[in-house]
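In: Sequence and predicted model, in that order:
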Amino acid sequence: MIGRLRGTIVGRSPPGLLLEVQGVGYEIEVPLSTFADLPAAGEVVLYTHLVVREDAHLLYGFLTEGRRAWFRVLLKVNGIGPRVALALLSGLSDEELAACVQAGDVARLVRVPGIGRKTAERLLVELSGKAPVAGRTGTTGRDEGMSALLALGYNEREAQGAIERAVAVVGPEASGETLIREALRGMVR
């Protein structure tokens, strides 16, 4: 997986850009909010998410890890694909999206192009209790642990339980690597 790229913007065409990294040009789609915050020229660092489809490998970029975390959470919602997730992130800041989820604000979500009432309602139901914390700029050890266990094939309930038990053993400020190791150790016992 390509998780982060540092390079020079050599082409821009909303919502995409061409980022040159050591002689290789990566086509990356970004939310319009990210596109507007990018420098006109010079080096930039983007946190990325790679979507592999049968017919294409698509790379999405974000200026912060928190923005990428929202993108990944949105992709887990039934019926939300990368295009709709980008539309949501283009129309709402992290804080606005978190506020919509917490308040159950369907009206605010349907103002985003491409989001209908049913999609907004499903999004609110499925994101209840799963949204990234507003204002967080990076991921925590718990987030890393959960992602790793889910990637290994554990279901969400198993992964959450294992991470909570690991936190009880190694403490809440432990790194993702430490939590993953302890969670796996605890699952084997």
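Out: On my side now, so go ahead.
In: What count of nearby residues applies to residue 142?
Out: Here the number of neighbours of residue 142 (other Cβ atoms under 10 Å) works out to 17. C-beta here means a position set from N, CA and C on the backbone, and glycine is covered the same way.
In: got the buried residues for the helix or strand it falls within?
Out: Per DSSP states H and E, residue 142 falls inside helix 141-151. Neighbour counts using 16 or more other Cβ atoms under 10 Å place 141-149 of helix 141-151 among the buried residues.
In: what residue is smack in the middle of the protein?
Out: residue 69 (2.5 Å; Cα atoms, centre = their mean).
In: Assign a three-state SS to residue 17, would you?
Out: Assigned with DSSP: H, G, I helix; E, B strand; the rest coil, residue 17 falls in the strand class.
In: Bridged to it, which residues?
Out: Counting by DSSP bridges, residue 17 is bridged to residue 12, residue 28.
In: Check which helices and strands the least confident helix or strand in the chain by mean pLDDT is in contact with.
Out: Across the helices and strands of the chain, mean pLDDT, DSSP states H and E gives its lowest value to helix 141-151, namely a mean of 77. For helix 141-151, the packing partners by 3 or more Cβ pairs under 8 Å, 6 or more residues apart in numbering; DSSP states H and E come out as helix 156-170, helix 176-188.
In: Can you check what angle separates it from helix 176-188?
Out: 50 degrees (axes from the mean of the first three to the mean of the last three Cα atoms, to 10 degrees).
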